[in-house]
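1. model this:
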Amino acid sequence: MARKRTTGLTGREIEILRVLWELGDAPVEQIRQRLSRTPTASTVRRLLSIMADRGVVLDDGKIYGRRFRPADSARTVRTSA
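-> Numbers count the residues shown, from 1 in each chain. Below you'll find the model as predicted:
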């Protein structure tokens, strides 16, 4: 059975956003290394893809060596929550 869609961000997605707010923009491997219980690179890529589809993160459009950045600042997200 598939998981229900969440309307908000998951704990892992929030953790990824915190890393991106700290770094500004970063490739998958750099994000992965800063996460707790270090997930696989494919897991991080999948989460970033989902977050990009939701408009939470942006990427530079490259096929290889893609870098991600948050769509909004931490301050904007906190005030809208």
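
2. pLDDT score for T76?
-> pLDDT, T76: 63.

3. kindly apply the preceding question to Y64 instead.
-> On pLDDT, Y64 comes in at 88.

4. and it, how far from V28?
-> Per C-beta to C-beta, to the nearest Å, Y64 is found 11 Å from V28. Any C-beta I mention is one placed from the backbone N, CA and C, and that applies to glycine too.

5. neighbour-wise, which of the two wins?
-> Between Y64 and V28, V28 has the larger neighbour count (other C-beta atoms under 10 Å), namely 19 against 5.

6. and the more buried one, what is it in contact with?
-> Neighbour list for V28: A41, V44, R45, L48, R66, F68 [criterion: C-beta atoms under 8 Å, 6 or more residues apart in numbering].

7. my guess is the first one contacts Q30. True?
-> No: with contact taken as C-beta atoms under 8 Å, A41 and Q30 are classed as non-touching, separated by 10.8 Å.

8. quick one on the thing from earlier: any shared contact partners between Y64 and V28?
-> By C-beta under 8 Å, 6+ apart, no residue touches both Y64 and V28.

9. could you check how many residues crowd around T10?
-> By other C-beta under 10 Å, the residues close to T10 number 12.

10. from V56, how far out is it?
-> When T10 is compared with V56 (using C-beta to C-beta), they lie 11 Å apart.

11. mutual contacts of these two, please.
-> By C-beta under 8 Å, 6+ apart, no residue touches both T10 and V56.

12. pLDDT-wise, which helix or strand of this structure ranks last?
-> helix 74-80 (a mean of 58; mean pLDDT, DSSP states H and E).
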